[in-house]
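1. here's a sequence, model it:
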Amino acid sequence: MWGLPAGDLIMTGDGHKDWVSGLSFHPSGMQLASSSGDCTVKIWSFEKARCTHTFSDHTQAVWAVSYHESGEVLGSSSLDNTARIWDLSSHRRVGNLVASVDADGVLKIWDVRQVMERHMLNVGPHSANKVCFDASGTMIAIASNDGHTKCFQLGMELVPVNDLTGHEGAVQALMFDPVGKFLISGGSDGTFRCWA
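-> Here you go, the predicted structure:
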């Protein structure tokens with residue numbers, strides 16, 4: 001990395017075993033991600049002046065890498081015909097599925113590799129406010145305006161597992177713990193609930 005306009009060498013990233021194909025600055029400006037022909041994505045810390053993590057799930061050269069504007073996830077694309085999304089707090093691959101919910105109470109599961117809808121389920125009639133996956137990527141929780149948190153097992157079909165009640169208003173926030181043992185929900189009633 002070079003400082004401009006003087007052209008001073010600030011840091012070098014020595015660690016890839018093949019050509020470097022892509023670079024992306026973290027929105028904070030404190031990290032750099034690099035992709036390479038060695039099938040890896042590396043995270044470089046400017047503060048520590050070294051590589052702090054290596055992602056190695058791709059099986060062929062990684063062609064490009066890019067941080068999401070939130071700085072919480074990183075995307076990579078490879079010549080192995082896959083795109084990966086990485087969770088930077090857990091250093092785990094997010095998976096190939098993305099979920100969305102809408103004001104009509106419709107849940108959609110999207111396959112990012114094939115850029116197509118894989119599942120659709122009406123969980124209404126109330127608005128669905130948030131959706132999240134557990135760490136395994138097989139359990140989905142949905143926050144609903146009716147005060148319920150609806151849980152589904154993802155397989156060939158979406159199978160209802162639980163309908164959690166306890167909030168006295170709309171459920172607005174959801175999060176699984178990193179291990180997947182607990183689900184936290186937060187509501188308009190000013191409370192949060194921890195479900196096991």
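2. contacting residues for Asp177?
-> Contact analysis of Asp177 by CB atoms under 8 Å, 6 or more residues apart in numbering lists Leu183, Ile184. Placement of C-beta: from N, CA and C, glycine included.
3. which pLDDT value belongs to Ile142?
-> If you check Ile142, the pLDDT there is 96.
4. what's the burial count for the closest residue in space to it that isn't next to it in sequence?
-> Distances taken as CB to CB, 6 or more residues apart in numbering place Lys150 nearest to Ile142, at 4.6 Å, with adjacent residues excluded. For Lys150, the number of neighbouring residues by other CB atoms under 10 Å comes to 22.
5. where does this structure dip in pLDDT?
-> Counting by pLDDT under 70, the chain contains low-confidence ranges at 1, 95, 113.
6. re the thing from before, wait, the residue nearest to Ile142 sits on Thr165?
-> No: counting by CB atoms under 8 Å, Lys150 does not reach Thr165; the two are 10.1 Å apart.
7. on that earlier part again, beta partners for the residue nearest to Ile142?
-> Ile142, Asp163 (DSSP bridges).
8. now do it against Gly137, distance only.
-> Plainly put, Lys150 is 17 Å away from Gly137 if you go by CB to CB, to the nearest Å.
9. try Asn145
-> Distance of Asn145 to Gly137, given as CB to CB: 26 Å.
10. who's more crowded, those two?
-> Neighbour totals were compared for Asn145 and Gly137, and Asn145 leads with 18 against 15 (other CB under 10 Å).
11. and the more buried one, what does it touch?
-> Neighbours of Asn145 in contact, by CB under 8 Å, 6+ apart: His126, Ser127, Ala128, Asn129, Ala170, Val171.
12. 7 Å instead?
-> His126, Ser127, Asn129, Ala170 (CB atoms under 7 Å, 6 or more residues apart in numbering).
13. also Leu164?
-> Counting by CB under 7 Å, 6+ apart, Leu164 has contacts His148, Thr149, Cys151, Trp195.
14. where's it relative to Asn96, distance?
-> Using CB to CB, Leu164 is found at 27 Å from Asn96.
15. before we move on, what about Asp102?
-> 21 Å.
16. for those two, indicate the residue with more neighbours.
-> When Asp102 and Asn96 are compared on other CB under 10 Å, the one with more neighbours turns out to be Asn96, at 16 against 12.
17. can you tell me how far that one is from Thr138?
-> Counting by CB to CB - Asn96 and Thr138 are separated by 13 Å.
18. now swap in Val101 and tell me
-> In terms of CB to CB, Val101 sits 18 Å off from Thr138.
19. compare these two (neighbour count), which wins?
-> The neighbour comparison of Val101 against Thr138 (other CB under 10 Å) goes to Val101, with 21 against 14.
20. thought Ser127 was touching that one, still the case?
-> No: between Val101 and Ser127 no contact is recorded; they are 8.3 Å apart, counting by CB atoms under 7 Å.
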